[in-house]
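Engineer: Here you go, sequence then predicted model.
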Amino acid sequence: MTVKELVDLFNLEIVAGPNLEKEIDGVYIGDLLSNVMARAEKDNLWLTVQGHQNVVAVALLVELSAVILVEDFEYEENSVQRACQKGVNLLKTKKKSYDLACKFCESEI
Amino acid sequence: MRKQQILNKEIESFDFQSGGEASSNLKNILRKLGVSAQIVRKTAIVTYELEMNVVIHSLGGEITALISEDELEIRVDDDGPGIADLDKAFTAGYSTASDEIREMGFGAGMGLVNVKRYADQIDVKSSLGEGTHVKVIIKLSS
């Protein structure tokens, strides 16, 4: 599944979408950046409450397919600019991580 | 064995905007050199942690990477204030980061622990009032 297909299927909001044709492979949930660096895998979706600009650096380094900011948290403005420059997809939702993850599970993501 | 410098970048204190760029640059360089995905990933984790340590905890510093046929050497040198207790700094969960930094998802006390886990060798020299000097070796053949 691509990020674009995911957005349509789960009604996610695109905050920065420079690379929406990227394929998704798996999900990682976490808010501690050291854990995300060490545990998340290439092409994972990352569900988090962190919206600051270093999130983009982590997503880029791990080569994540997209960041999904949950519970209606907001990205910092410079996160969005940096994501567009670096080709990192930033999505958001009002849902909680667990509820969204359950829905992903039902769709075998 | 003779090593060739492939990266040298200054890191500024509290520059979260550029934080991670040195790691990202090094990752791209290694990939172009044909280094395996697994080694590139290890290197990215190690350099990101060390780079963010300089951003969060130091007065600024620099990161240098050198490569030879069989290993990668990463040096991270900062201008202080230094680490009071190195043993504690390598203890999982120990951190001196402020609440503000912790709210950003840093300061979980996993930085140097991660570096040690993914590096093949690590040497840290530091004392209060002086800079911290980290040298990490990552073997290119797994």
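Structural biologist: Okay, I see it. Numbering: from 1, shown residues only, chains lettered A, B, ... in the order given.
Engineer: Now do the helices in chain B.
Structural biologist: B:21-32, B:37-57, B:86-89, B:99-103, B:111-118 (DSSP state H).
Engineer: For those, give me JSON lines that also has distance to residue B:129.
Structural biologist: In this view, the C-beta of every residue, glycine as well, is placed from N, C-alpha and C. Shown next, in JSON lines, are these (distance: least, CB to CB, whole Å):
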{"stretch": "helix B:21-32", "distance to residue B:129": "25"}
{"stretch": "helix B:37-57", "distance to residue B:129": "14"}
{"stretch": "helix B:86-89", "distance to residue B:129": "14"}
{"stretch": "helix B:99-103", "distance to residue B:129": "22"}
{"stretch": "helix B:111-118", "distance to residue B:129": "20"}
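Engineer: deepest of the ones you listed, which one?
Structural biologist: helix B:37-57 (a mean of 22; mean count of other CB atoms under 10 Å in any protein chain shown).
Engineer: Mind telling me which residue of chain B is nearest chain A?
Structural biologist: residue B:20 (2.8 Å; CB to the nearest CB).
Engineer: Tell me the predicted confidence for that residue.
Structural biologist: As predicted, residue B:20 sits at a pLDDT of 94.
Engineer: what's the answer for residue B:142, then?
Structural biologist: So residue B:142 comes in at 61 (pLDDT).
Engineer: what residue lies at the spatial centre of the chain?
Structural biologist: As the question left the chain open, I've gone with chain A. Nearest residue to the geometric centre of chain A (CA atoms, centre = their mean): residue A:67, 1.4 Å.
Engineer: meant chain B, my bad for not saying
Structural biologist: Short answer for chain B (CA atoms, centre = their mean): residue B:50, at 2.2 Å.
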